[in-house]
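A.B. asks: Generate a structure from the sequence data that follows.
(chains A and B)
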There are 2 protein chains.
Amino acid sequence: MLTYNLMHTGSDSLYEYLYKSIKHDIMHGMLKPGDKLPSKRSLAANLGVSVITVENAYAQLMDQGYIYSIPKKGYYVTDFGSMLAEKKQSFAKEMAPLTGGDTSYFADFSSNQTASDLFPFTIWSKVVREILSDSRMQLMTNSPCGGISALRNSIAGYLKAFRGLDVQPEQIIIGAGTEYLYSLLIQLLGSDQTYAVENPGYRRLEQIYRSFHVPCARIPLDAEGICISNLEDAGADIVHVTPSHQYPTGIVMPISRRYELLGWAARGEGRYIIEDDYDSELRLSGQPIPTLQSIDLSERVIYLNTFTKTLCSTVRISYMILPKGLLSRFYEKLSFYSCTVSNFEQYTLARFIEEGKFETHVNRLRSHYRRKQDLLLEALWKSRLGNMVSITGERAGLHFLMRVHTKVPQREVMGRAKSRGIKLVALSDYYHGEQSPENVYVMHYSAVDVTRAREIMERIYKSCI
Amino acid sequence: MLTYNLMHTGSDSLYEYLYKSIKHDIMHGMLKPGDKLPSKRSLAANLGVSVITVENAYAQLMDQGYIYSIPKKGYYVTDFGSMLAEKKQSFAKEMAPLTGGDTSYFADFSSNQTASDLFPFTIWSKVVREILSDSRMQLMTNSPCGGISALRNSIAGYLKAFRGLDVQPEQIIIGAGTEYLYSLLIQLLGSDQTYAVENPGYRRLEQIYRSFHVPCARIPLDAEGICISNLEDAGADIVHVTPSHQYPTGIVMPISRRYELLGWAARGEGRYIIEDDYDSELRLSGQPIPTLQSIDLSERVIYLNTFTKTLCSTVRISYMILPKGLLSRFYEKLSFYSCTVSNFEQYTLARFIEEGKFETHVNRLRSHYRRKQDLLLEALWKSRLGNMVSITGERAGLHFLMRVHTKVPQREVMGRAKSRGIKLVALSDYYHGEQSPENVYVMHYSAVDVTRAREIMERIYKSCI
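C.D. replies: Got it, this is the predicted structure:
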C-alpha cells in the first residue's frame, strides 16, 4: 500500500501534496506502468485522510494522463513507453504521417499537428456506419451553401456549452478547411480592402492573401499581442488575430487588449476582426479569457475554427461564425456556392458532436498534450539546459517558446543541434522584415518522443554552449 | 408526453409518420417554440417503437430546422419567429432533394441534376465500410495538395480506358467541387487576365469570376460553338468552353472548331482553354469527338470534370488536368494549400472507380436517361405539340432545346404553362445583353415523371396556341 507522510505538505493542500507524491513515484519508476493503485477508500483509510482528498488527487492524475481507470476495476498507472512505441510502429515508412515529424531526426520540433493515433478512429467509423444505415435520405439531399443544419446546430450547441458562445446556427458557415473559408471572406469583404496579419504569424495566411493579390499588411506584436497603433498606421480594414494562443509566440491576448482591438474595429466603417481560435480547444492551463466574438457588441468579429486540428487533418471541416450584420451580405453575394464538405462527413461530424464524442475526444487530447508538455518541461528544468532558458506561451496548444540565453549565434546553435539529430525551428523564421529575436525557438512538441526527453535536453544543451 | 397513434401510418414508415405528426404539432402550435421534446428513449418507450425510429424522426425534424438539440440537454422546438426570414427561404429552397424538381408542379423542367435514387447508395456504402476497415493508415495520412495518388491513378486509368485521354496522375488535381477548382485556376493563371465565358452559358461561372473581381468577357456562339473572332476582339486570355455538350444550347463542338480554338490558344503567349467536360459521361448518341485535351499539342488545355454530377451532388469531388507546362507553376505557387477533399471520400472513390463500379454506374445512368429522353421525345412527336417544335442538343446530357414555332409571346407561353403545372425555362434567361432567341426552352428532363409524358405535352401544346 502507498504510504506518504502527509504531516509536512508545505504550502500544498493535502490533495495536491498527495497528487505530487504519486506523480513523483510514477515518474521515478517506483510505480510501474500497469500497476494497480489502491482503491480510494482503502488509500484514504491507510493515510488517515478523507476519501474526497484521495478522489481529488486521483482526478488530477487522471486528468493529466498519469493514471487511467477501468470502470468497476480500479486505477492503473499509464504505460507511456508502449503508447509511444505503438504509435511509431503504426506508420509506414514511405508515408508522411499526420504527426509530421521527420523520423530521421532524434527529435523534430517542426511538426505542428496532432498525432493521428489520438484520432478516435473506431468511434468515428462507427458513427459513419450508423449514418450510412439510417440517414440515406439526408445524405442524398443537397446541403445548403452554409452547411447542413444538423451540423450547424451541433456546433452551436457545443460552442454554447463549452466555449460560452451564443450563436445562431445560421451564423455558422461550414467549409472544407480554413484556407477555403479565407477565400470566401476575401470575396465577402472585398479584395480591395487591406488585410492585416500578425508579424510574426502564420505564413500560410499571408500566402493566401498574396495569391489572391489582396493588399496585405504585417503588424508587429508587443507583449500583449497585435499593436493597435500600427494597425491604424497601416490603414488596415480587416485584421486577422489569434488571441487565444498567438501563433507562433503563444501570447494569450489579455482582456484589455481585446477591448482595445474591438474599439479599433468600431471606430471605422467596414472594419472587421477575423478571430482565428484554432488552438482554443487545447488550452492546457490558466483561466479562459472570453473570445472576442463573445464580447463583440458592434458585430465586427468573424470567428473561425477548425476540426482539422482537433479531430484529424484528413477530415477537412472548418467553420466560421459571421456577425449578424454580415449574414445577409453573405447570402446575397455567395449563396450561389455549393458547400464544399460532403454530406457524408457533415452528418458524421454532426452526430459525433451531438453524442458528446467530440467533447470526450478533446478532453483526451488535452490531457495527452498537457502530460506530454509537462514531461518535456520537467526534463528541461532538470537538465543543464534548464539554467539557461526561459519558457513562454506554454498555456495552450502544441508548442511553446524557448529563449536560450547564450552567446553562441542562433545559426550555430541550430546547425549543431541538427548534427545531433535535433530539428529546431527559430522564431525569427516567422518574422518579415522586422528585426527578429535571436535564439528563440518555437518548440512544436507533438511529434517528439517524450521518453527521449532527457537525452533531447542534453543534446540541445550541448548545442548551446 | 407526446402520444400519437401509430397504428394507421398509411404508406408511411413509422419514422416518417412520427416525423409528420410532430411537424404537424409544431406547425399548428401544439408544440411551442422552446418546448423541450421528450428524450428519444422515453418517447420510444411511450409509443412502443424502437429508439432508432424516434431518432430518425428527430433527425429529419432537425435537418429541416423544426427542432434543434443542445448536447446533454435534449431537443427543443425551434423559434422560427426569431430566425432570419431570408434564411428560412433559402433553406427551404436549398433543402430540396437531389432530384430537384419542385413537386408542386406537374412537371418541372428546371432541375438539372441526376436523380438521387440512381446513386448506387448500397454499393457506395459497402466501399466506405471496406475502406474504413482496411485502410486506416492511409486514411490518417495527409493527402498531397493535388489529392491522394490512389485516386489520381484511378482517374487516369478511367480516362485512358473510357475517354481515350493519356494523362499522368500528377497532372490531375482533386478539389471539393468545380467551383473550388476555378478559384485555384484564378490564382494559378492570374486575376489580371481576361476570362472569357460562353454566352449563353453557365451563369454560376460568371458569378465566380465577378465575385473575385476578375475581368470577364461574354463571347457569343454560332451553330458550332464559341466564335473565335469575338474571342480575339475581346482580348481574352483564358476561355472557358463546354465542347462536349454546350450548356445550355447542347451544341457539340465539331472537330474543325476545336482545332480553330486550339489555334487561337497557340497564337498568344499565356492563352489557355478551360475545357469543362461536365456532361461527357452522359453522351446518349452519336460518335464521340476527341476532347480538346487529347488533341492539344501546345499544352494550352486545362481539362475539368466532376463527380458531383455523375455520382451524387452531395459528394463533393471534382478534378482538373493541368497541361505539363503549368504543373511546375501550380506546385510552386499553390502547393501550400491542403487538398479540400477528405481522405475518407478520396479513398472510397478511388476504389469505387478501380473496381469498375463507377463505369457500371455511368452505363446505368446513361441508359436510364437515354430511355427517359426517348420516351419524352416519343410522346412529344406523337402529340399535337410535335408539329410545331424543333428539337436540338439531344445527343448528350440531361437537357435538350425545344424551339416552339408559335406567334404566342414567350412570356405568355410560360405563364400559361405555369398555370397548367408546367415549369418551363427559357433559353433567353441564359443570355446577357445580346438579343436572345424567343420561344426556345431548355428542357431539363431529369426530374420529370415520364409516365406523365402525354399529358405534359398536351399541356405545353395548349400553352403555345
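A.B. asks: which residues of the stretch 1-150 of chain A score low on pLDDT?
C.D. replies: A:11, A:63-65, A:80-102 (pLDDT under 70).
A.B. asks: got the contact list for residue A:326?
C.D. replies: Neighbour list for residue A:326: A:188, A:272, A:299, A:302 [criterion: C-beta atoms under 8 Å, 6 or more residues apart in numbering or on different chains]. For every residue, glycine as well, the C-beta is placed using N, CA and C.
A.B. asks: Which secondary structure element is home to the nearest residue to residue A:450 once chain neighbours are set aside?
C.D. replies: Closest residue to residue A:450 apart from its sequence neighbours, by C-beta to C-beta, 6 or more residues apart in numbering or on different chains: residue A:375 at 4.6 Å. Residue A:375 is part of helix A:357-382 when elements are defined by DSSP states H and E.
A.B. asks: With residue A:184 instead?
C.D. replies: Using DSSP H and E, residue A:184 falls within helix A:178-189.
A.B. asks: CA atoms only for that helix - export them in PDB, please.
C.D. replies: This file holds the C-alpha atoms of helix A:178-189, laid out as PDB (Å, rounded to 0.1, in the frame of the first residue of the first chain):
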ATOM      1  CA  THR A 178      -9.900  27.200 -43.100                       C
ATOM      2  CA  GLU A 179      -8.000  28.100 -46.200                       C
ATOM      3  CA  TYR A 180     -11.200  27.800 -48.200                       C
ATOM      4  CA  LEU A 181     -13.100  30.000 -45.700                       C
ATOM      5  CA  TYR A 182     -10.400  32.700 -46.200                       C
ATOM      6  CA  SER A 183     -11.200  32.700 -49.900                       C
ATOM      7  CA  LEU A 184     -14.900  33.200 -49.100                       C
ATOM      8  CA  LEU A 185     -14.000  36.000 -46.700                       C
ATOM      9  CA  ILE A 186     -12.000  37.800 -49.400                       C
ATOM     10  CA  GLN A 187     -15.000  37.600 -51.700                       C
ATOM     11  CA  LEU A 188     -17.300  38.700 -48.900                       C
ATOM     12  CA  LEU A 189     -15.300  41.600 -47.600                       C
END
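A.B. asks: Which strands and helices lie in contact with the next helix-or-strand element following it?
C.D. replies: Where DSSP H and E defines the elements, the next helix or strand beyond helix A:178-189 is strand A:195-199. On a contact count with 3 or more C-beta pairs under 8 Å, 6 or more residues apart in numbering or on different chains; DSSP states H and E, strand A:195-199 meets helix A:203-211, strand A:216-222, strand A:225-226, strand A:238-241.
A.B. asks: Out of these, flag the one nearest chain B.
C.D. replies: Proximity to chain B (C-beta to the nearest C-beta) singles out helix A:203-211 among those, at 4.7 Å.
A.B. asks: helices or strands up against that closest one?
C.D. replies: If you count contacts as 3+ C-beta pairs under 8 Å, 6+ apart, helix A:203-211 packs onto helix A:178-189, strand A:195-199, strand A:216-222.
A.B. asks: Need the winner for burial among the ones you listed.
C.D. replies: For these, the largest average neighbour count (mean count of other C-beta atoms under 10 Å in any protein chain shown) is found in strand A:195-199, namely a mean of 25.
A.B. asks: how far is stretch A:184-203 from where the chain is centred?
C.D. replies: The chain centre lies 22 Å from the centre of stretch A:184-203; the measure is C-alpha atoms, centre = their mean, to the nearest Å.
A.B. asks: Kindly apply the preceding question to stretch A:325-343 instead.
C.D. replies: Centre-to-centre, stretch A:325-343 and its host chain are 28 Å apart (C-alpha atoms, centre = their mean).
A.B. asks: Okay, helices next: where are they in the stretch 201-350 of chain A?
C.D. replies: Assigned by DSSP state H, counting those that start in this stretch, the stretch 201-350 of chain A shows helices spanning A:203-211, A:228-233, A:255-267, A:292-295, A:307-310, A:324-334, A:343-354.
A.B. asks: Please, which helix or strand holds residue A:401?
C.D. replies: With DSSP H and E as the test, residue A:401 turns up in strand A:399-404.
A.B. asks: C-terminal to that strand, what's the next element?
C.D. replies: Following strand A:399-404 in sequence, per DSSP H and E, is helix A:410-419.
A.B. asks: Report the rounded mean pLDDT for the helix or strand following that following helix.
C.D. replies: Using DSSP H and E, the helix or strand that follows helix A:410-419 in sequence is strand A:422-423. Mean pLDDT, computed over strand A:422-423, is 95.
A.B. asks: Wait, residue A:417 touches residue A:423, no?
C.D. replies: Yes. Contact criterion C-beta atoms under 8 Å: residue A:417 and residue A:423 qualify, at 7.5 Å.
A.B. asks: quick one: pLDDT of the residue nearest to residue A:450?
C.D. replies: 92.
A.B. asks: Could you do residue A:340 as well?
C.D. replies: Per the predicted model, pLDDT is 96 at residue A:340.
A.B. asks: got a list of what it touches?
C.D. replies: Going by C-beta under 8 Å, 6+ apart, the list of residues near residue A:340 reads A:175, A:176, A:180, B:176, B:177, B:180, B:316, B:340.
A.B. asks: So which of those is the closest to residue A:260?
C.D. replies: residue A:175 (29.8 Å; C-beta to C-beta).
A.B. asks: now that closest one, which residues is it bridged with?
C.D. replies: residue A:318 (DSSP bridges).
A.B. asks: Alright, that wraps it up for me.
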